[in-house]
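[1] got a predicted structure plus its sequence, pasted below:
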2 protein chains.
Amino acid sequence: MKETKLCPRLSKAMELLGKRWTTLILYQLLDGPQRFNEIESALPVSGRLLSERLKELEKEEIVQRKVYADVPVRVEYSLTEKGSALEGAIREVENWSQTWIK
Amino acid sequence: MKETKLCPRLSKAMELLGKRWTTLILYQLLDGPQRFNEIESALPVSGRLLSERLKELEKEEIVQRKVYADVPVRVEYSLTEKGSALEGAIREVENWSQTWIK
DNA sequence: TAGTGTCAGTTACTTTTTGTAACTTGATTT
DNA sequence: AAATCAAGTTACAAAAAGTAACTGACACTA
């Protein structure tokens, strides 16, 4: 890939947030901890991709995964501090969309 | 595709901004109007995709394209008002990346 | 006047990502 | 024994992205 003088931190951030569904998943989690199926129902994303994205976000410590040994098993996803710190950015996009998208 | 109660405006916004390179192209344009080759050199994006993204952004009236009949031809891209209105969101992501990405 | 260079793309082709839908696992209810 | 549920996983097809070579209009150089 080409080498540029683009800030590596911003580059990394956009590599995550610029991936399809990622920001909408985080937006959904702004409403509080949610289970896999809740997120899947709230967004037009398939289980395959949701699973993949949640794994990435967990690895980056943006999202936390918690398993409850209920029957059937219950898995809750929530934002970490790092994830919650994205709320400002996400709300800005939300506001922008309300103003500028018809 | 699945039907959800997700806000169509936010959905549309994320369809644009969530596409690879889009936000970085806009970030680059925050520095002022720039030519095709300048943007291409500043980012690790290929001419093919840069061209495609700029077309989408122009269609959405987020970016404006201006042709100068110089020799060789000069084409400048700049943010419209709608595009500039994204600065807040982009700066939030930039700040987040400085704080949270190692 | 044939060859070289510039800019702003476009084309052809390969590799990666996504979309879709069916399947799995383990315990429970019918 | 068959059906149900949550939380995924798998297999396969379709779409998007990566890569590099090519184009066209003009001007400059040998």
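    Nice, thanks for sending it over. Values in this document were obtained by computation on a predicted structure and should not be read as measured data.

[2] any idea how many residues pack against the closest residue to A:Leu10 other than its chain neighbours?
    Excluding its sequence neighbours, the residue lying closest to A:Leu10 (Cβ to Cβ, 6 or more residues apart in numbering or on different chains) is B:Ser97, at 4.8 Å. C-beta coordinates here come from the backbone N, C-alpha and C atoms, glycine included. By the criterion of other Cβ atoms under 10 Å in any protein chain shown, B:Ser97 has 20 neighbours.

[3] can you confirm B:Ser97 is in a helix?
    Yes. Counting by DSSP: H, G, I helix; E, B strand; the rest coil, B:Ser97 falls inside a helix.

[4] how much space separates it from A:Leu16?
    Note on B:Ser97: its distance to A:Leu16, by Cβ to Cβ, to the nearest Å, is 9 Å.

[5] joint contacts of those two?
    Residues touching both B:Ser97 and A:Leu16 (Cβ atoms under 8 Å, 6 or more residues apart in numbering or on different chains): none.

[6] I'd say the residue nearest to A:Leu10 and A:Pro8 touch.
    No. At 9.1 Å, B:Ser97 does not count as touching A:Pro8 under the criterion of Cβ atoms under 8 Å.

[7] helix, strand or coil for the most centrally placed residue in chain A?
    Geometric centre of chain A, nearest residue: A:Leu26, 3.1 Å, by Cα atoms, centre = their mean. Per three-state DSSP, the secondary structure class of A:Leu26 is helix.

[8] so who does it touch?
    A:Leu26 makes contact with A:Leu57, A:Ile62, A:Val63, A:Leu79, A:Gly83, A:Leu86, A:Ile90, according to Cβ under 8 Å, 6+ apart.

[9] model confidence for A:Met1, exactly?
    A:Met1 is assigned a pLDDT of 67 by the prediction.

[10] what of the one 4 residues further on?
    Here, the pLDDT recorded for A:Lys5 equals 84.

[11] how about A:Leu24?
    On the pLDDT scale, A:Leu24 is placed at 98.

[12] the residue in chain A that DNA strand C sits nearest to: neighbouring residues, count only.
    Here chain A gets closest to DNA strand C at one residue, A:Ser46, 3.2 Å apart by Cβ to the nearest atom of the strand. Residues lying near A:Ser46 (other Cβ under 10 Å) number 13.

[13] show me where pLDDT drops low in chain A?
    Within chain A, the ranges that satisfy pLDDT under 70 run A:1.

[14] please redo it, this time with the cut-off set to 90
    Scanning chain A with the threshold set as pLDDT under 90 gives A:1-5, A:69-71.

[15] just the helices in it please.
    All helices of chain A, identified by DSSP state H, fall at A:8-17, A:22-29, A:36-42, A:47-59, A:81-84, A:87-100.

[16] and the residue nearest to A:Leu10, what does it touch?
    Shown in contact with B:Ser97 (Cβ under 8 Å, 6+ apart): A:Cys7, A:Arg9, A:Leu10, A:Lys12, A:Ala13.
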